[in-house]
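Undergrad: Just need the structure, nothing else, for what follows:
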Amino acid sequence: MRSNRDEFTQFKRHLQTAAGHPLSKDQLQDVERYHNQFHIQLINIHDLKQSVKTHDRKVNYQLAENTGQVNEETLSEHEHIYEEYTSLEQTLQELRHDFNRFIERVHITA
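TA: Residues are numbered from 1 along each chain as shown. Down below sits the predicted model:
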């Protein structure tokens, strides 16, 4: 998740560079949309990272206290976090692809 955070932070910087170039009204709207999406996804990355850390502490505590066992609720939570992770990865991949196409269309380099 750290690499995703770094990559999307870099995308935000690239977007700021793009905003400094002459762009059409539609392209400026795209810049605003990407800015908002990057902000939202960086928050999502942070939130999921915090959920993983909290869950990891819970699992380690249960393993230590329950002779190597975790309860069903924790297993269910583990599956839920994994689903969140895969969903976020899919969203980030789509946004990454869409943003790269936008940058190619407007012919802007970093």
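Undergrad: Show me which helix runs longest in this structure.
TA: helix 25-65 (DSSP state H).
Undergrad: Give me the helix or strand of the protein that scores worst on average pLDDT.
TA: When the helices and strands of the chain are scored by mean pLDDT, DSSP states H and E, helix 2-19 comes last with a mean of 92.
Undergrad: Next, the buried residues of that helix.
TA: 4, 8, 11, 14, 15, 18 (16 or more other C-beta atoms under 10 Å). Every residue, glycine included, has its C-beta placed from N, CA and C.
Undergrad: ok, so of those residues, who is nearest residue 76?
TA: Closest approach between those and residue 76, by C-beta to C-beta: residue 4, at 25.0 Å.
Undergrad: Let me see the contact set for the closest one.
TA: 45, 89, 92 (C-beta atoms under 8 Å, 6 or more residues apart in numbering).
Undergrad: Distance of it relative to residue 24?
TA: Note on residue 4: its distance to residue 24, by C-beta to C-beta, to the nearest Å, is 30 Å.
Undergrad: ok, back up a step: now tabulate the contacts of residue 4 in JSON lines and tack on neighbour count and distance to residue 66.
TA: Putting the contacts of residue 4 into JSON lines (neighbours: other C-beta atoms under 10 Å; distance: C-beta to C-beta, whole Å) gives the following:
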{"residue": "45", "neighbour count": "20", "distance to residue 66": "31"}
{"residue": "89", "neighbour count": "13", "distance to residue 66": "31"}
{"residue": "92", "neighbour count": "18", "distance to residue 66": "35"}
